[in-house]
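# Need a 3D model of the following:
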Amino acid sequence: MNHSTTKLFNIVNRFFLVWVSCFFIASCSNHSALQKPTIQLKITQVSENVFAAIGDTNAPSYENAGHNNNLTFIITSDGVVVVNGGDNYLLAESLHFQIKLRTQQPVKLVINENGQGHAFLGNSYWQQQGVDIIAHKEAIEEIKKHGHESLATMQKRNKEKSKNTSIVFPNLSFEDKKIIILGDTVIELIRFGGAHSPGDISVWLPQQQLIITGDMAFHQRLLGVFPYTVTADWVSSFNKMRELPIKKVIPGHGSPTDLATITKYTRDYLVYLREQCAAIIEDDGDMNDAYEIDQSAYSDQDVFDILARKNAGRIFREVEEASF
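Presented below is the predicted three-dimensional model:
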């Protein structure tokens with residue numbers, strides 16, 4: 001290599017190093033410019049473009065800032081879709097911080113999986129960002145009926161962590177199915193039918209065979225049966241969901257898993273309790289017998305001690321009423 005060539009090589013090399021340094025500094029500056037949120041979230045990467053903040057599998061509390069359900073975001077080539085508004089303004093803000101660390105794409109849509117507080121109370125943050133919010137029409141009715149009760153409960157529990165949170169209704173709705181296409185990503189919002197709570201929906205990514213079930217499916221945390229839950233409908237809806245070619249699952253509560261696991265801890269659990277209650281009724285038993293149903297196969301689930309007997313009692317009442 002002659003002197004001229006060596007000199008030119010050194011100049012090009014120095015220019016390249018300067019360019020790399022500038023790029024690195026700019027990148028670091030962009031991240032450091034983001035103000036660290038009040039609530040810290042740990043993010044799990046589920047696929048190439050799907051990420052989830054996995055919630056605590058215990059009850060909502062001041063310590064977990066109400067984050068006891070899963071908050072998911074999907075990064076596409078034409079924007080970001082968020083599944084669940086979050087329990088409060090600060091929690092939604094924290095999720096947005098994590099999104100900004102991973103992409104410069106704007107959040108274009110927030111999906112509320114149902115009308116429970118931890119699905120919609122963070123809408124107040126997302127509306128402030130100019131983001132559209134969508135939910136099933138039954139979920140919106142639930143928010144209108146009981147949203148202020150959910151807000152008051154959250155404020156009492158979260159204290160100063162509830163600041164800036166207010167009731168914001170989704171500005172978009174659907175009934176059975178809604179297909180969203182952003183860039184080359186297809187996202188389907190599906191209402192399979194009645195399940196855990198009013199307006200329960202799931203989010204299906206057919207290209208990845210990945211489903212974000214919402215409260216259609218549980219594991220690691222025992223599911224809860226509310227006084228208004230119709231478990232016969234839940235089983236039917238779950239069976240419809242199982243017809244999809246599902247390979248990956250982000251449940252409403254618990255870490256990412258597979259179809260077999262959520263089937264065991266959701267559908268099979270409901271079917272087992274319904275069958276046990278039917279047998280008790282057939283033998284002229286009563287509610288006290290239902291409370292004593294052996295649920296030990298599910299005792300490894302969080303909040304088992306809190307919910308197991310309640311679930312048995314409520315399912316007994318449902319099955320008994322259906323038998324009249």
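
# Surely residue 72 touches residue 51?
Yes: if you go by CB atoms under 8 Å, residue 72 and residue 51 touch, sitting 7.0 Å apart. In short, each C-beta sits where N, CA and C put it, glycine included.

# Neighbour count: the two, which is higher?
residue 72 (25 against 22; other CB atoms under 10 Å).

# Please name the bridge partners of the more buried one.
Note on residue 72: beta-bridge partners by DSSP bridges are residue 52, residue 83.

# which residues sit in contact with it?
Neighbouring residues of residue 72 by CB atoms under 8 Å, 6 or more residues apart in numbering: 46, 50, 51, 52, 53, 82, 83, 84, 203, 212, 250.

# try 6 Å
By CB atoms under 6 Å, 6 or more residues apart in numbering, residue 72 lies in contact with 52, 83, 212, 250.

# Also residue 131?
107, 110.

# ok, and the closest non-adjacent residue to residue 308?
Spatial nearest neighbour of residue 308, chain neighbours left out: residue 295 (4.8 Å); criterion: CB to CB, 6 or more residues apart in numbering.

# Give the burial count for the one you found, as a bare number.
Close neighbours of residue 295, defined as other CB under 10 Å, add up to 19.

# okay but it is in contact with residue 309, surely?
No: counting by CB atoms under 6 Å, residue 295 does not reach residue 309; the two are 8.5 Å apart.

# Give me the residues contacting stretch 210-224.
Residues outside stretch 210-224 that contact it (CB under 6 Å, 6+ apart) are 57, 72, 83, 113-114, 195-196, 200-204, 246, 248-254, 257, 261-262, 265-266, 301-304, 307.

# That stretch: end-to-end distance?
Terminal residues of stretch 210-224 lie 24 Å apart, using CA to CA, to the nearest Å.

# try stretch 169-179
End-to-end distance for stretch 169-179, by CA to CA: 21 Å.

# just stretch 111-122 next, same as before
11 Å.

# which residue is nearest the middle of the chain?
The residue lying closest to the centre of the chain (CA atoms, centre = their mean) is residue 70, at 3.6 Å.

# mind checking how far that residue is from residue 324?
Distance from residue 70 to residue 324, counting by CB to CB, to the nearest Å: 38 Å.

# repeat for residue 206
For residue 206, the distance to residue 324 (CB to CB) stands at 42 Å.

# If you drop the residues flanking it in sequence, what lies closest to residue 263?
That would be residue 242: by CB to CB, 6+ apart, it lies 6.9 Å from residue 263.

# Any idea how many residues pack against that neighbour?
Residues near residue 242, counting by other CB under 10 Å, number 13.

# For it, what are phi and psi?
Per-residue torsions, residue 242: phi -70, psi -10 (degrees, to the nearest 10).

# now swap in residue 100 and tell me
Torsion angles, degrees, to the nearest 10, at residue 100: phi -60, psi -30.

# who touches stretch 169-184?
Residues from elsewhere that reach stretch 169-184 (CB under 6 Å, 6+ apart): 76-79, 112, 132-135, 137, 140, 143, 187-191.

# Endpoint to endpoint, that stretch covers what distance?
Using CA to CA, the end-to-end distance of stretch 169-184 comes to 29 Å.

# same check, this time on stretch 163-180
In stretch 163-180, first residue to last residue: 32 Å (CA to CA).

# now swap in stretch 293-310 and tell me
Stretch 293-310: ends 11 Å apart by CA to CA.

# Check the offset of it from the chain's centre.
Centre-to-centre, stretch 293-310 and its host chain are 23 Å apart (CA atoms, centre = their mean, to the nearest Å).

# same question, stretch 39-50
On the basis of CA atoms, centre = their mean, stretch 39-50 sits 12 Å off its chain's mean C-alpha point.

# can I get the CA coordinates of it in PDB?
This file holds the C-alpha atoms of stretch 39-50, laid out as PDB (Å, rounded to 0.1, in the frame of the first residue of the first chain):
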ATOM      1  CA  ILE A  39     -43.800   3.100  38.000                       C
ATOM      2  CA  GLN A  40     -41.200   0.600  36.700                       C
ATOM      3  CA  LEU A  41     -42.200  -2.200  34.400                       C
ATOM      4  CA  LYS A  42     -40.300  -5.300  33.300                       C
ATOM      5  CA  ILE A  43     -41.000  -6.200  29.700                       C
ATOM      6  CA  THR A  44     -41.100  -9.700  28.300                       C
ATOM      7  CA  GLN A  45     -40.500 -10.200  24.500                       C
ATOM      8  CA  VAL A  46     -43.000 -12.800  23.300                       C
ATOM      9  CA  SER A  47     -42.200 -12.600  19.600                       C
ATOM     10  CA  GLU A  48     -40.200 -10.400  17.200                       C
ATOM     11  CA  ASN A  49     -42.700  -7.600  17.500                       C
ATOM     12  CA  VAL A  50     -44.900  -8.400  20.500                       C
END
